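In: Sequence below, structure please.
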Amino acid sequence: MAKVIGGLTLSLDGFASDAHGSIDRLYPDLVDLQNSEMLQEEIRTTGAVILGRRSFDLADDPDDYAGGYEFQVPLFVVTHHAPEKKPKENDQLTITFVTDGIESAVKQAKAAAGDRNVMLIGASITQQCLNAGLCDELHVGLMPVLFGEGLRLFENIDVSNITLEKIRVFEAGERTDIWYRVVR
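Out: Numbers count the residues shown, from 1 in each chain. Modelled structure (predicted):
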């Protein structure tokens, strides 16, 4: 059965982006990361991706997802309004704009993923899934930078209902990646 996995890289003080919305300092190792066995494993085991509109709009050109995005799987973009022009797709990557909430997005993504995992991209999407009890695991990458302010992953979450269990640690260069199971 597919697991729903929230995946983000954070600054050491817990921010998913700096005060200006930039993530550049979190990925100085982007080329190495893209070629790492860790990311290659996640690509192999991911059958669908759910991301928020803000994360989706980080691409300079939405048509670039069809050929340039590492996860060539169905994408489900949670948004209030779908764009007028549908971005380019290919045989593996389709883009569905979900306007009826996170529960609908998870249901659709799980159906598309089959036995493979559903990856959550973005702080808001991960927060929504944690609060709704829809997230099975968290994969948190930590980089040794401090932002002081910005977008926090663990904000707007009812932490009284969430217990985490560490299941895996991976270190490469300055990056430390930790996987947690969300205990139900």
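In: what ranges do the strands span in this structure?
Out: 4-11, 15-18, 46-52, 75-78, 95-98, 117-121, 137-143, 150-152, 163-172, 175-183 (DSSP state E).
In: In the last one, which residues are buried?
Out: Read that as strand 175-183. R175, D177, I178, W179, Y180, V182 (16 or more other CB atoms under 10 Å). For every residue, glycine as well, the C-beta is placed using N, CA and C.
In: What is the lowest-pLDDT residue among these?
Out: Note: of the buried residues of strand 175-183, the lowest pLDDT belongs to R175, at 88.
In: Contact partners for the nearest residue to G101 once chain neighbours are set aside?
Out: Spatial nearest neighbour of G101, chain neighbours left out: V78 (7.4 Å); criterion: CB to CB, 6 or more residues apart in numbering. Residues in contact with V78 (CB atoms under 8 Å, 6 or more residues apart in numbering) are I50, L51, G52, R53, V98, G101, I102, A105, I125, Q128.
In: now those residues: which count as buried?
Out: Looks like the contacts of V78 have I50, L51, G52, R53, V98, I102, A105, I125, Q128 buried, using 16+ other CB under 10 Å.
In: D18: which of those residues is nearest?
Out: G52 (17.7 Å; CB to CB).
In: quick revisit: could you identify the most distant pair in the contacts of V78?
Out: L51 and G101 (14.5 Å).
In: what's the average pLDDT for stretch 23-31?
Out: 80.
In: so how far is R25 from the residue nearest to G101?
Out: V78 sits 26 Å away from R25, taking CB to CB, to the nearest Å as the criterion.
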